[in-house]
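Chemist: got a sequence here, can you model it:
(chains A, B and C)
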Amino acid sequence: MSEVLPQSFYARDALEVAPQLLGKLLCRDGVVLRISEVEAYCHPDDTASHCRMGRTARNAPMWGPPGHAYVYLCYGLHQMLNLVTNREGEGAAVLIRSCEPVAGHDIIRARRGGIEGPNALTGPGKVGAALGLHTRCSGSPLFDANDLYVLDAPEPREWLVGPRVGIGYATPEHQRAPWRFALHESPWVTQRKTLTRVSAGASRTRKARAR
DNA sequence: TCTACGATCTTT
DNA sequence: AAGATCGTAGAT
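Modeler: Numbering: from 1, shown residues only, chains lettered A, B, ... in the order given. Here you go, the predicted model:
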């Protein structure tokens, strides 16, 4: 049986947590989704991050302790789910962009207006809809199996990496930053063309070399 | 208060 | 290529 991810799982850099979230199971109210695509929003100096303008009522959960949800409304329609990482006061989170449905297909179908297949869960707005999320969920903890939580699963050995989506307002460097991660074997991924394959070993080597 | 604009998705 | 749709942030 897989365990609920403990708060300590999230208490690391968003860039480290993000690829490790791939394959993990997002659960709420009978719906189970396998995480297939994520994006890291690393720190307040990340000009693509909601934390770039400092602490506000909306982004408060991002500045709070790790292992909590940050849900916000995008384009007046979409409930976007982020998982808060790092330590309290650091302002970082991982956006869940796409998932593969594992259980609760009937509920998902109802919430998604009958749309099925990979197209039903590729894109962060669709993930929020499938889980029935609302900005009211923002700030709720993820490390108890109560409402919304994540089950552990084996870490993938390789994945896709590339630039984040929909952040044209950020600096060119941050637009270019390869902070989006996806399961290479999954159809539940957006904008595949801009992603390239790397292995967990290569990622660790790069990190080691950088320090 | 007022205004502009989104970490999007659907339809044309 | 553009409309939906509304809370948020920054300006007034």
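Chemist: ok, residue A:82 touching residue A:66?
Modeler: No - taking C-beta atoms under 8 Å as the definition, residue A:82 is not a contact partner of residue A:66, at 11.5 Å. Using the backbone N, CA and C atoms, a C-beta is placed for each residue, glycine as well.
Chemist: neighbour count winner among these two?
Modeler: More neighbours surround residue A:82 than the other of residue A:82 and residue A:66, with 26 against 23 (other C-beta atoms under 10 Å).
Chemist: which residues touch that one?
Modeler: A:41, A:62, A:69, A:70, A:71, A:72, A:93, A:94, A:95, A:96 (C-beta atoms under 8 Å, 6 or more residues apart in numbering).
Chemist: can you list which of the residues you listed are found in strands?
Modeler: A:41, A:69, A:70, A:71, A:72, A:93, A:94, A:95, A:96 (DSSP state E).
Chemist: surely the fifth one meets residue A:58?
Modeler: Spelled out, it's residue A:72. Yes - with contact defined as C-beta under 8 Å, residue A:72 reaches residue A:58; the gap is 5.9 Å.
Chemist: need the residues touching each of the two.
Modeler: With C-beta under 8 Å, 6+ apart, residue A:72 and residue A:58 have common neighbours A:50, A:138.
Chemist: higher neighbour count, those two?
Modeler: residue A:72 (18 against 15).
Chemist: give the contact list for that one.
Modeler: Taking C-beta under 8 Å, 6+ apart, one finds A:50, A:58, A:59, A:79, A:80, A:82, A:135, A:138 in contact with residue A:72.
Chemist: one more pass at 10 Å, please.
Modeler: A:50, A:58-59, A:61-62, A:78-82, A:95, A:128, A:135, A:138 (C-beta atoms under 10 Å, 6 or more residues apart in numbering).
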